[in-house]
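> Next comes the sequence, and after it the predicted model I'd like to discuss.
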Amino acid sequence: MPSENLDTMTGEQMLAFVRGASDQLREEIRKVVVGQRDVIDQILMAIFSRGHAMLVGVPGLAKTLLISTIADAMELEFSRIQFTPDLMPSDITGTEVIEENRSTGHRELRFVRGPIFANLILADEIN
């Protein structure tokens, strides 16, 4: 259903549209991540309710694959932050770098965004 018709839909039509889109999203994710039906549903509930989700599991359960697949299916920007003992705040938020304009020789500060600015973030190994 075209998006320009969304504001003219009744409540039942809107519910059917959202349910269909949600089912289609789940099917796209399940093409890549197999056997994690409940986990997929719970993560999508967290996303749709504008919340957070914490995935806990041993290595090899496709946690990173799952989150990156959800981001791809929803056309969201994905980033992964590896939490190590030497992680600095600027590694997450970003930092200012000096850039020189080669033609004028003028230097200026430019902010390079960190991974926290993505739509979907996987914070890995928070110990």
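Noted; the coordinates are in hand. Numbers count the residues shown, from 1 in each chain.

> Would you mark the buried spots in stretch 84-102?
By 16 or more other Cβ atoms under 10 Å, the buried positions in stretch 84-102 come out as 91-92. For glycine as for every other residue, the C-beta is placed from the backbone atoms N, C-alpha and C.

> now do the same end-to-end measure for it.
End-to-end span of stretch 84-102 (Cα to Cα, to the nearest Å): 36 Å.

> Ok, stretch 34-53 next?
Stretch 34-53: ends 19 Å apart by Cα to Cα.

> The residue sitting furthest away from the middle of the chain: which element?
Centroid-distance maximum for the chain: Thr104 at 39.0 Å, with Cα atoms, centre = their mean. Counting by DSSP states H and E, no helix or strand carries Thr104.

> Repeat that for Leu109.
Secondary structure from DSSP H and E places Leu109 in strand 107-113.

> Arg80 too?
If you go by DSSP H and E, Arg80 is part of strand 78-82.

> Just the buried residues of stretch 30-44, please?
Within stretch 30-44, the residues scored as buried using 16+ other Cβ under 10 Å are 33, 36, 39-40, 43-44.

> what inclination does the strand holding Leu109 have with respect to strand 78-82?
Put simply, strand 107-113 runs at 90 degrees to strand 78-82, going by axes from the mean of the first three to the mean of the last three Cα atoms, to 10 degrees.

> and the helix or strand that strand 107-113 is followed by, how far out from the chain's middle?
Counting by DSSP H and E, the next helix or strand C-terminal to strand 107-113 is strand 120-124. From the chain centre to the centre of strand 120-124 is a distance of 8 Å (Cα atoms, centre = their mean, to the nearest Å).

> quick one, longest helix in the protein?
helix 11-30 (DSSP state H).

> in that helix, what's buried?
Judged by neighbour count using 16+ other Cβ under 10 Å, the buried positions of helix 11-30 are 25, 29.

> what pLDDT, on average, does it get?
Averaging pLDDT along helix 11-30 gives 92.

> and whatever helix or strand comes next after that helix with helix 11-30, angle?
Counting by DSSP H and E, the element after helix 11-30 in chain order, helix or strand, is helix 37-48. Note on geometry: by the same axes, to 10 degrees, helix 37-48 and helix 11-30 are set 130 degrees apart in direction.
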